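could you work out the structure for the sequence below:
(chains A and B)
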Amino acid sequence: MSYAPTGLGDGLDARAKPRPGNPPAAPETLDLALIFRDHHAQLVRIALLLVGDRPTAEDVVQDVFARLCAPGRRLLPATGLAYVRAAVVNGCRSVQRRRVLTRRFEGARDALRRDSQESAEYTAILAEDRKQVLAALAALPHRRREVLVLRFYLNLTVAEVATMLGISQGTVKSTAARGLEALGRQLREDS
Amino acid sequence: MTGTLDRLTDAMTAAGDTVQDATLRPLIRRERGRRLPRWVAPVAAAAAVALVIGSAAALSGRQPGPGRPVVSSVTAPHRFYVESALGDMTVVRSTATGAVTAKLPIPYRDADPPVVTAGPGGAFYVAAFVRGASGERIYRFRLTSTGHVIGFSPLPGGLLGPGQMSDSMAASPSGSLLAFGLAGTYGHNPPPDQLVVINTVTGAKTTWRGGVARPGFKWLKIASLSWTGDGKKLVVLGQWTRTDSGFYSETGPAGRIAEVREIDLASGGGRVTGGRLLLRQSALFPYIAQALISPDGSTITALVLKGGAVGSKQISGTYPEDMSVAQISAATGRRLSVLYRRRLGDTGEINGAPDPLALSNDATGRNLMLNVGLCVGHCTTGFNGWIRGGRLIPLQPTDGRLASEAW
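This is a model prediction of the structure:
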């Protein structure tokens, strides 16, 4: 299963594989190791907010980097980080799909249990109110959850979110508004 | 709205702050096997193709003509099947070639793949989340002789409540009733499943709640459903647990009770535990994953697992490793025969969710379809196909991209 994002071209540098007979183009590319060093934690945080548990979040990010480690792959400086972020978001979406499928066929409660497993550190740091908000966020449809996390946690612009998710800017705005509205409604019901 | 946004950003920031660089696992690069020279792959592929074509020609006694497709030598019982694939449209495929002949006009919400089931007379039912509704909606349709969809329409009474979805479905032999397990979606605190039978003409519903299988075992998952040939009895495989959680690999047989019970439609509702007990999880059948009744009500065809749960180096296994599709006497609970057997091996999963295990039948009750696994990460156990003569004939395309199928 590929986590390759669709809205950013392929985000990869085609010049990484020079044709026979031609000299290699100037390697104006971004090293994956740099992205890993500088953004690993942030990518895990995004995944954590989207999938709800840290082991899975780390697995998703690991999978993305493992796939991008293939020989000859280089990321373009302009879109490299966005490409990796989008791949992480896609990976999280795959996890959510698997959880729904699992519910349908087998181990429904098992999957739910794993969904809600939290580390002691996570539980200790988060106050009850925050946990309530995160539970309401987790209950939103994946598209709304993605938009809210990218827009209000990563503070990406509407245009950046639209490009990353492959949707229009208007859809980003309306999805964010509806997501917040649903979140508010859920929190009022819970309180 | 501002208050909600403030609370959201505060909560997300606090959750994000629990992740610090120093506590993260290092990136583990996957081990790769020794690389073979570049010419090996195309030569091996060409040799394999030549071998297959040669064998087929030798068996059939003639050479394949130019342009003639090479297809499975076993004739499939149905020309088409319906597939609800992960992250894709629900489609109709040719059983022989896997080619898509039609796409269902479901306004697809891609996180929630639909469930499909076959009914009599070429009818199909599909339960799917649609835009504008917070619960699933059930549709029905038929296939033409060329594999195209006709008569696609919502089922009367088929719009489920907010946050509700179907876990499994089965149409009665006459097509007048559709049974399904009613479940809550993840993200909420779901109640135990309920069994619902809906009249496909009037939309009237009859409900059976789960009940308590043994003291403390109150959480029910309806794993599979099937009908006897007269349409008067519905056979349910229920899996009860003490709480809304409990991995089999962690709890073992003691943490889960699986029972196959026969519900008499004449009872008009009640509890699943009130149905007649046909089979219960035992030392012989420690894990019953699916169970289907034969049309005459005498035999249960079950997907059963036993043995140890084998995992990978990184994560413990999810299921017992020995899988078999067995026929079991509904009267005595004794095993009569084994239709298919396979060792699953490593069922450890990297993404925190076990694989689906699904056994389905066609409307005649004679053609079994098996679907095990949606494998990513470390899982290597995924396969699907139909069972004939002790063999599994793979469904086309054989790329493991499957979720729910019917024919």
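
A helix includes B:Leu182, no?
No - counting by DSSP: H, G, I helix; E, B strand; the rest coil, B:Leu182 is not part of a helix but strand.

what sits against it?
Shown in contact with B:Leu182 (CB atoms under 8 Å, 6 or more residues apart in numbering or on different chains): B:Leu160, B:Gln164, B:Met165, B:Ser166, B:Asp167, B:Asp193, B:Gln194, B:Leu195, B:Val196, B:Thr207. Where C-beta positions appear, they are placed from N, C-alpha and C, glycine not excepted.

ok, the residue nearest to B:Leu336 when sequence neighbours are not counted to B:Leu303 distance?
Leaving out its chain neighbours, the residue that sits closest to B:Leu336 by CB to CB, 6 or more residues apart in numbering or on different chains is B:Gln327, at 4.5 Å. Look at B:Gln327 and B:Leu303: by CB to CB, to the nearest Å, they are 11 Å apart.

and stretch A:154-174 with chain B, contact?
No - for stretch A:154-174 and chain B, the contact criterion (CB under 8 Å from any CB of the partner chain) is not met; the two come no nearer than 9.2 Å.

end to end, how far does that stretch reach?
Stretch A:154-174 has an end-to-end distance of 18 Å (criterion: CA to CA, to the nearest Å).

now do the domain split for chain B, please.
Under the assignment automatic domain parsing, the domains of chain B span B:72-162, B:282-407.

possible to save these as TSV with mean neighbour count?
As requested, the domains of chain B are exported to TSV (neighbours: other CB atoms under 10 Å in any protein chain shown):
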stretch	mean neighbour count
domain B:72-162	18
domain B:282-407	19
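
what about the ones you listed, which gets the closest to B:Ala15?
For B:Ala15, the closest of those is domain B:282-407, at 17.4 Å, according to CB to CB.

would you mind measuring from the residue nearest to B:Leu336 to B:Ala96?
In terms of CB to CB, B:Gln327 sits 28 Å off from B:Ala96.

where does pLDDT dip in the stretch 251-400 of chain B?
Within the stretch 251-400 of chain B, the stretches with pLDDT under 70 are B:251-252, B:312-317, B:347-355, B:373-381, B:399-400.

which residue does it bring closest to chain A?
Nearest to chain A in the stretch 251-400 of chain B, going by CB to the nearest CB, is B:Pro356, at a distance of 3.2 Å.

count the residues that sit near A:Gln132.
17 (other CB atoms under 10 Å in any protein chain shown).

ok, it to chain B distance?
8 Å (CB to the nearest CB, to the nearest Å).

report the secondary structure state of that residue.
helix.

let me see the ranges of the strands in the stretch 51-200 of chain B.
In the stretch 51-200 of chain B, the strands defined using DSSP state E, counting those that start in this stretch lie at B:80-84, B:90-94, B:100-103, B:115-118, B:123-129, B:136-143, B:149-159, B:164-171, B:177-184, B:194-199.

got it, and the stretch 251-400 of chain B?
For the stretch 251-400 of chain B, the strands defined by DSSP E, counting those that start in this stretch occupy B:256-264, B:270-271, B:276-280, B:287-293, B:299-309, B:320-329, B:335-343, B:357-361, B:368-372, B:383-388, B:391-394.

got it, and chain A?
Listed in chain order, the strands of chain A (DSSP state E) span A:7-10.

can you point me to the longest helix in it?
Under DSSP state H, the helix in chain A containing the largest number of residues is helix A:80-105.

from the contact counts, what lies against it?
strand A:7-10, helix A:32-51, helix A:54-68, helix A:108-116, helix A:142-148, helix A:158-165, strand B:164-171 (3 or more CB pairs under 8 Å, 6 or more residues apart in numbering or on different chains; DSSP states H and E).

quickly note the distance from the residue positioned nearest the centre of chain B to A:Ala86.
Central residue of chain B (CA atoms, centre = their mean): B:Ala358, 3.4 Å from the mean position. For B:Ala358, the distance to A:Ala86 equals 32 Å [CB to CB].

and what of B:Leu159?
Separation of B:Leu159 from A:Ala86 (CB to CB) stands at 34 Å.

and for B:Thr4?
When B:Thr4 is compared with A:Ala86 (using CB to CB), they lie 26 Å apart.
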